[in-house]
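J.: need coordinates for the following:
(2 chains)
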Amino acid sequence: MQLDHKIISQEVPPESKVLDLGCGNGELLDILVRQKQVKAQGIELDEGAIYQCVEKGLSVFHGDIDSGLGEYPDKSFDYVILNQSMQQARKVDFVIQEALRVGEKVIVGFPNFCYIKSRFMFFFRGKAPVTKSLPYHWYDSPNVHFLSIGDFRQYCKEQNITVVKSYYLGNNRLVRIWPNLFALNAIFVLER
Amino acid sequence: MKEKSLGIVKEEFFTFAEGPHELKLDSGQSLGPVTLAYEVYGKLNEEKSNAILVEHAFSGDAHAAGLHNESDKDPGWWDDLIGPGKALDTEKYFVICANVIGGCKGSTGPSSINPKTGKEYGLDFPIITIADMVKAQKHLIDYLGIKKLLCVIGGSMGGMQALQWVTSFPDKVKSVIPIATALKHSPQQIAFDEVGRQAVMADPNWHEGNYYAKKVKPERGLAVARMVGHITYMSDKSMEEKFSRRLREKDSSFKFTADFEVEGYLRYRGDSFVKRFDANSYLYITKAMDYFDLSGTKFLAKDKHVDTRFLVIAFKSDWLYPAYQSQEIVRQLKIRGLEATYCEVNSTYGHDAFLLEIKEETHLIKHFLAKTFKG
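T.: Here you go, the predicted structure:
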């Protein structure tokens, strides 16, 4: 199992109500349904991914996470997940605020732009970074926001968002020291 | 599993609402006796938990799949989706399809004999609604001994009936699949229906609906109505692909004959429609669709417990029932916190897509039903 999926599934208690924004082919939700018997709902923009979700027996809405969660009452989910989709949302600030409104807790997972290899590529080679967690080229990247772990911590502080837990992920293992330099990905558990 | 055809299927009839037990309609009037023409495919299991009700669209009928006899050229209208190994797998599920009341394909409608007069109802037939159609089907489902339907599925007007089913009988429906449909008819949809009705009523052979005894039919009016209908079922792109500006003959005639292929197609569609459809049914059923309105709190009353699963399907190029109308269904489901899936299929076929995008529909419906059946 992917490390980020493992961490998130450990974080979510059994039988929670979960909304996964940008759920892709439903791999994570499928794990959560099988292992934690969660009540799962996904939202995904890609039509092909919708068919894969339905094949797994998941409930998923074909749509854009940028258009918000207006229909959902406050705190209608135990967990709202934004794993590797936050940096692809155009109105990312709005999406995070909406996630915090409809979810008791929010789990975000994102690639760290200031990973040491990125810094090398940028500083010594004068190139936009391509790493394991940021595998795209400048011309084919779905990412529209580039942030570091430090950036996100600062954002949470400014927005009065409580960071309940944070995990820093390297190659298949957790990173303990200097995460902003050594982590490929980060997972934050947030609440307000 | 290899897909096979159902083979020969049989139409059946169920009559109820006789004597004092007439069917009470939304209009306040009553109707009785009521006959429903229906077909069933597959086997009802012992627990009676595998029954799927298929709802037909405006001009459809109970003959959804299979053939009526060996020499039948065309199978039922949704044969691609219903049969062994298909989306509605008749080796697993028991599939039911009934002609709507107000129709002209075996169920009681304006062309049926009014027992009070011994003549065709004509305009004495009461105005019916989508909810009345569903109410009549409920009698059939009870008669078949089914306590809870595994699924109610339909496209266009069939989708409206599916949405009405869960609204009228929320505890009788385990899942609903509304396809290319809406919670209410928009002014544009009502407008197209009204043009069709006016075309029928403007035909001198209509005789205020009493054309049956006169041995004439308002064929021209009904054909024009159907031609307008067919335009709304296609998309700009699908018409370009199907006809472009191609001519039927080598040169233009410089007369008002059908020069263009699209003209010929519409005339053919109009002419074949009048052979199989009753003009008064056209009026009654389009009116039922226009009255349909489950918007806001009318859909899934708040005081009722609902745990029905939904699969909502829309098509990108459908401008008659645009995707925003399906998204409005989804919006209501989100407000109610119901388990639902929505897919907007990328199709160029327009509204007709629900009869044509078989591969995508099969994938979605098959897996959704499997999950619903398994629980």
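J.: can you tell me, leaving aside adjacent residues, what's nearest to residue A:28?
T.: Excluding its sequence neighbours, the residue lying closest to residue A:28 (C-beta to C-beta, 6 or more residues apart in numbering or on different chains) is residue A:5, at 5.2 Å. For the C-beta atoms, the positions are set from N, CA and C on the backbone; glycine is no exception.
J.: cool, residue B:92 as well?
T.: By the measure of C-beta to C-beta, 6+ apart, the closest residue to residue B:92 outside its immediate chain neighbours is residue B:50, 6.5 Å from it.
J.: ditto for residue B:128
T.: Nearest non-adjacent residue to residue B:128, counting by C-beta to C-beta, 6+ apart: residue B:102, 4.6 Å away.
J.: what's the neighbour count on the one you found?
T.: The number of residues packed near residue B:102 is 29, by other C-beta atoms under 10 Å in any protein chain shown.
J.: quick check, it in contact with residue B:281.
T.: Yes - judged on C-beta atoms under 8 Å, residue B:102 makes contact with residue B:281 at a distance of 6.1 Å.
J.: dump stretch A:34-48 to PDB, restricted to CA.
T.: Extracted in PDB, the C-alpha atoms of stretch A:34-48 (Å, rounded to 0.1, in the frame of the first residue of the first chain):
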ATOM      1  CA  ARG A  34     -12.700  -2.200   3.100                       C
ATOM      2  CA  GLN A  35     -10.600  -1.600   6.200                       C
ATOM      3  CA  LYS A  36     -12.600   1.000   8.100                       C
ATOM      4  CA  GLN A  37     -16.100   0.500   6.800                       C
ATOM      5  CA  VAL A  38     -16.400   4.200   6.200                       C
ATOM      6  CA  LYS A  39     -19.400   5.800   4.500                       C
ATOM      7  CA  ALA A  40     -17.600   7.200   1.500                       C
ATOM      8  CA  GLN A  41     -18.400   9.800  -1.100                       C
ATOM      9  CA  GLY A  42     -16.000  11.100  -3.700                       C
ATOM     10  CA  ILE A  43     -15.800  14.100  -6.000                       C
ATOM     11  CA  GLU A  44     -13.700  13.800  -9.200                       C
ATOM     12  CA  LEU A  45     -13.400  15.700 -12.400                       C
ATOM     13  CA  ASP A  46     -12.000  13.000 -14.700                       C
ATOM     14  CA  GLU A  47     -14.700  11.000 -16.500                       C
ATOM     15  CA  GLY A  48     -12.500   7.900 -16.900                       C
END
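J.: got the buried residues for that stretch?
T.: Of the residues in stretch A:34-48, A:36, A:38, A:39, A:40, A:41, A:42, A:43, A:44, A:45 count as buried by neighbour count, 16 or more other C-beta atoms under 10 Å in any protein chain shown.
J.: report the distance from it to the chain centre.
T.: Computed by C-alpha atoms, centre = their mean, to the nearest Å, the separation of stretch A:34-48 from the middle of its chain amounts to 14 Å.
J.: so residue A:57, which state does it fall into?
T.: coil (DSSP: H, G, I helix; E, B strand; the rest coil).
J.: give the contact list for it.
T.: Residue A:57 sits next to A:33, B:367, B:370, B:371, B:374 when contact means C-beta atoms under 8 Å, 6 or more residues apart in numbering or on different chains.
J.: rerun at 7 Å
T.: Applying C-beta atoms under 7 Å, 6 or more residues apart in numbering or on different chains to residue A:57 gives the contacts B:367, B:371.
J.: try residue A:39
T.: Counting by C-beta under 7 Å, 6+ apart, residue A:39 makes contact with A:17, A:18.
J.: change it to 6 Å
T.: Residue A:39 makes contacts with residue A:17, as judged by C-beta atoms under 6 Å, 6 or more residues apart in numbering or on different chains.
J.: who does it bridge with?
T.: Under DSSP bridges, the beta-bridge partners of residue A:39 are residue A:17.
J.: need the pLDDT of it.
T.: As predicted, residue A:39 sits at a pLDDT of 97.
J.: same check, this time on the one 4 residues further on
T.: pLDDT for residue A:43: 97.
J.: wait, it sits on residue A:62?
T.: No - look at residue A:43 against residue A:62 with C-beta atoms under 6 Å: they stay out of range, at 8.2 Å.
J.: can you tell me the SS state at the residue nearest to residue B:125 when sequence neighbours are not counted?
T.: The shortest distance from residue B:125 to any non-neighbouring residue, by C-beta to C-beta, 6+ apart, is to residue B:110 (3.9 Å). Of the three states, residue B:110 takes coil under three-state DSSP.
J.: neighbours of residue B:110, how many?
T.: Each residue near residue B:110 was counted by other C-beta under 10 Å, and the total is 26.
J.: the residue nearest to residue B:128 and chain A: what is the separation?
T.: 34 Å (C-beta to the nearest C-beta, to the nearest Å).
J.: pretty sure that residue contacts residue B:287?
T.: No - at 8.7 Å, residue B:102 does not count as touching residue B:287 under the criterion of C-beta under 6 Å.
J.: in the stretch 51-200 of chain B, which spans are strands?
T.: Under the criterion DSSP state E, counting those that start in this stretch, the stretch 51-200 of chain B contains strands at B:51-55, B:82-83, B:88-89, B:94-98, B:113-114, B:119-120, B:151-155, B:175-179.
J.: next: chain A.
T.: Ranges of strands in chain A, per DSSP state E, are A:17-21, A:39-44, A:60-62, A:77-83, A:103-111, A:162-169, A:185-191.
J.: let me see the contact set for residue A:88.
T.: Applying C-beta under 6 Å, 6+ apart, the residues near residue A:88 are A:142, A:143.
J.: please consider this matter closed, and thank you.
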